[in-house]
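Asks: what's the 3D shape of this:
(4 chains)
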Protein chains: 2
Amino acid sequence: MGVSIRDVAEKLGLSITTVSRALDGYDDVSQATRERVVVVAQEMGYTPNRAARQLRRQRADSIGYILPSSGSRFSDPFFSEFISGLGDEAVKYSYDLLISTAPGGQLDEQELYQRWVHSHKVDGFVLNRLWLSDWRVRYLSSQHIPFVSLERSDDPIDYPSVQVECIDSITAIIKHMVDGGYQRVAFIGGPSNLTIHADRYDAFCKALSICRIPLDPVLVASADLTSMGGYQVAKRLLWLTDPPNAFICINDQTAYGVLRAAHEEGRFVGKDIVVSGFDGLQESLYTQPTLTTVDQPLYEIARHLAGMLIAEIIGQPLQERQVVIQPVLHIRESSGDKVT
Amino acid sequence: MGVSIRDVAEKLGLSITTVSRALDGYDDVSQATRERVVVVAQEMGYTPNRAARQLRRQRADSIGYILPSSGSRFSDPFFSEFISGLGDEAVKYSYDLLISTAPGGQLDEQELYQRWVHSHKVDGFVLNRLWLSDWRVRYLSSQHIPFVSLERSDDPIDYPSVQVECIDSITAIIKHMVDGGYQRVAFIGGPSNLTIHADRYDAFCKALSICRIPLDPVLVASADLTSMGGYQVAKRLLWLTDPPNAFICINDQTAYGVLRAAHEEGRFVGKDIVVSGFDGLQESLYTQPTLTTVDQPLYEIARHLAGMLIAEIIGQPLQERQVVIQPVLHIRESSGDKVT
DNA sequence: TTGTAGGCGTTATCAA
DNA sequence: TTGATAACGCCTACAA
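Replies: Numbers count the residues shown, from 1 in each chain, chains lettered A, B, ... in the order given. Reported below is the predicted structural model:
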């Protein structure tokens, strides 16, 4: 079907060895031959067969990312941006990006990772949505499979990662809210053993203590990172006898739910109550009111992660294995900066 | 490194041939042998090497999808849901999903498709965001590479596809708006040679004629499918001497931009003006006001597409090659159904 | 500077 | 019912 290296060699009257070396840029072929080979290969539309090359080189030239899909209406814009960053960087090194889906923390997920590892389907993994103690981290590390992650688990294992600093920005948000007179501050997080929950909740507590506001456990709730989850939890909180007037949300999606709940409950966001998200999704510029959020440069983070992973795979040392990124705080209407 | 079929064979004192056949479920191995083989293979954690199998079988057991990424802050929730559907279905047949990114309609995109085809990297493609005349359709068809697509191009080529019917729903929306007294109806589309633009614009025109409203070319504009694009175009339209009071948008993202522009221009959406989107993204339930939109079951569509593609690849005939889906219309606040 | 030959791990054909 | 053997397309010692 396709054009193989043998076809090219025959057409040129050369051996496949020479053709192979000419194309791979070895220096033991004459300049003249190389040029002929390159031209003819191009003309014939030759592209090396991936499977053959992989089999021979014992590398897959691809990186894997398993989407923590959570059921049928799974649609967090977070992942579009993340995947597109991974893809753009991978393509630069002519690596493939292999994607699959599995609900996080389940048996299916384990099997998928194991299958990909055993069958050499990918040379390394990109992880995110880490758990405080994460099976994947321990497993991949025990199998000596390169991987990188957004966020870090508590496992005492050395691996490259990118983390987004959240204490400063969350503190700034809360200070801003408290200064505006919103002192009853709630936190809506996610599953409590996710690192992003732990990190952001931790930042929340620190910020409260800096502002000398006592932590009221009633105002700490967990949703599931979706708008629906945020909506439901916010409703419940707003019905309290002494409801919060400030909401710090673990991510933007959760905050969208809060905005809606507030509206339904007749609260004017930015005036009666204030709300903040975390992610910096494009959509957050278009909510009503616009959402105060912490902008993680997700696309760049994804590219950085893919780059680190590929470096790790080809054994190139990284100058920095644990990158910490300072996100940009966007104070917008939802935190009361402007009364509209 | 990994466990190979040879290791399993040696441990069992059988030939690799027998092991291979036992595992692949051929019926010319004794029941007893098969059981022993399966047990031991499982114990040893044997998984067939993908590259070797692909090389031998001349199939990649994977399908490809190239994201039409448009620069760095590309994040349309559309794609999260789409990819997650493709992934979930592919995994059912133990197919891989290979993802890459390339700006639509550019040279890079062509090269990427060609490389994947030549190198047998994937057995087939899923396409979307088709152009009225689409190079990919003609190319893949000329190379006899299976592919399926969401939407259909005008190329006279037979290929499996899923289309979302839009005339009925857009007509219903416009009727609803016109009945509500909003007669100056604008259309904000995308690049005009995209099939989704052509289809939805066509539906828009038909609906106007049904409602006996003359088409005012001034009220037809093109954006770029993003919120920012919708925002800018809406601003311009709202500044007209005789501005529209109804906006039909090609997708939800565009509509988000319109909502924001309207708000900034002091228009009360659902009262002064009405707005509709198209996609049915989860986010649209959480805008303020909630967005009237046409809900395409994207996750199911993606699964269906992946299923059709795999059937096509393994040569299984499809009972229906051109599926047309009736989306569900969600009339919400932005079209004036409730005054809040 | 070029060519020969062996093998990566599977599967499929044929013979036993 | 099983086993030896030859590919699949590529890369790379080693030999020429």
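
Asks: Which of the three states applies to A:Gly307?
Replies: helix (DSSP: H, G, I helix; E, B strand; the rest coil).

Asks: Contacts only, for the residue of the stretch 201-340 of chain A found nearest chain B.
Replies: Closest residue of the stretch 201-340 of chain A to chain B, C-beta to the nearest C-beta: A:Gln288 (3.5 Å). The C-beta positions use only the backbone N, C-alpha and C, and glycine is treated the same way. By C-beta atoms under 8 Å, 6 or more residues apart in numbering or on different chains, the contact list for A:Gln288 reads A:Leu259, B:Leu259, B:Arg260, B:His263, B:Thr287, B:Gln288, B:Pro289.

Asks: Compute the distance between it and DNA strand D, please.
Replies: 55 Å (C-beta to the nearest atom of the strand, to the nearest Å).

Asks: Same check on A:Leu309?
Replies: Per C-beta to the nearest atom of the strand, A:Leu309 is found 21 Å from DNA strand D.

Asks: Please apply the same query to A:Leu98.
Replies: Taking C-beta to the nearest atom of the strand, one finds A:Leu98 at 20 Å from DNA strand D.

Asks: What of A:Leu285?
Replies: 47 Å.

Asks: wait, doesn't that residue sit right on B:Thr226?
Replies: No: the pair A:Leu285 and B:Thr226 does not pass the contact test of C-beta atoms under 8 Å, sitting 10.8 Å apart.

Asks: of those two, who's got more company?
Replies: Taking A:Leu285 and B:Thr226 together and counting by other C-beta atoms under 10 Å in any protein chain shown, B:Thr226 has the greater number of neighbours (22 against 18).

Asks: dump the residue contacts of the closest residue to that one other than its chain neighbours.
Replies: Once flanking residues are discounted, B:Thr226 sits nearest to B:Gln253: 5.6 Å by C-beta to C-beta, 6 or more residues apart in numbering or on different chains. Going by C-beta under 8 Å, 6+ apart, B:Gln253 touches B:Asp76, B:Phe78, B:Leu225, B:Thr226, B:Ser227, B:Gly230, B:Gly277, B:Asp279, B:Leu281.

Asks: now do A:Ile173
Replies: Contacts of A:Ile173 (C-beta under 8 Å, 6+ apart): A:Ala207, A:Ile248, A:Ser276, A:Thr292, A:Val294, A:Leu329, A:Ile331, A:Ser335.

Asks: What of A:Ser227?
Replies: A:Gln253, A:Thr254, A:Tyr256, A:Gly257, A:Arg260, B:Gln282, B:Glu283, B:Leu285, B:Tyr286.

Asks: Just give the number of residues close to the second one.
Replies: If I follow you right, that is A:Thr254. That count, for A:Thr254 with other C-beta under 10 Å as the rule, works out to 29.

Asks: Which residue, neighbours along the chain excluded, lies closest to it?
Replies: A:Gly230 is the one closest to A:Thr254 (C-beta to C-beta, 6+ apart), at 3.4 Å.

Asks: so the residue of the stretch 51-200 of chain A found nearest DNA strand D, which of the three states?
Replies: Nearest to DNA strand D, among the residues of the stretch 51-200 of chain A, is A:Ala52, at 3.3 Å (C-beta to the nearest atom of the strand). Using three-state DSSP, the secondary structure recorded for A:Ala52 is helix.

Asks: isn't it right up against B:Ala52?
Replies: No: using C-beta under 8 Å as the test, A:Ala52 is too far from B:Ala52 to be in contact (9.6 Å).

Asks: Quick check: residues of the stretch 51-200 of chain A near DNA strand C?
Replies: Residues of the stretch 51-200 of chain A lying close to DNA strand C (C-beta under 7 Å from any atom of the strand) are A:Ala52, A:Leu55, A:Arg56, A:Gln58.

Asks: which residue packs closest to the first one, ignoring adjacent ones?
Replies: It refers to A:Ala52. B:Leu55 (5.3 Å).

Asks: Got the phi and psi for the one you found?
Replies: Main-chain torsions, B:Leu55, degrees, to the nearest 10: phi -60, psi -50.
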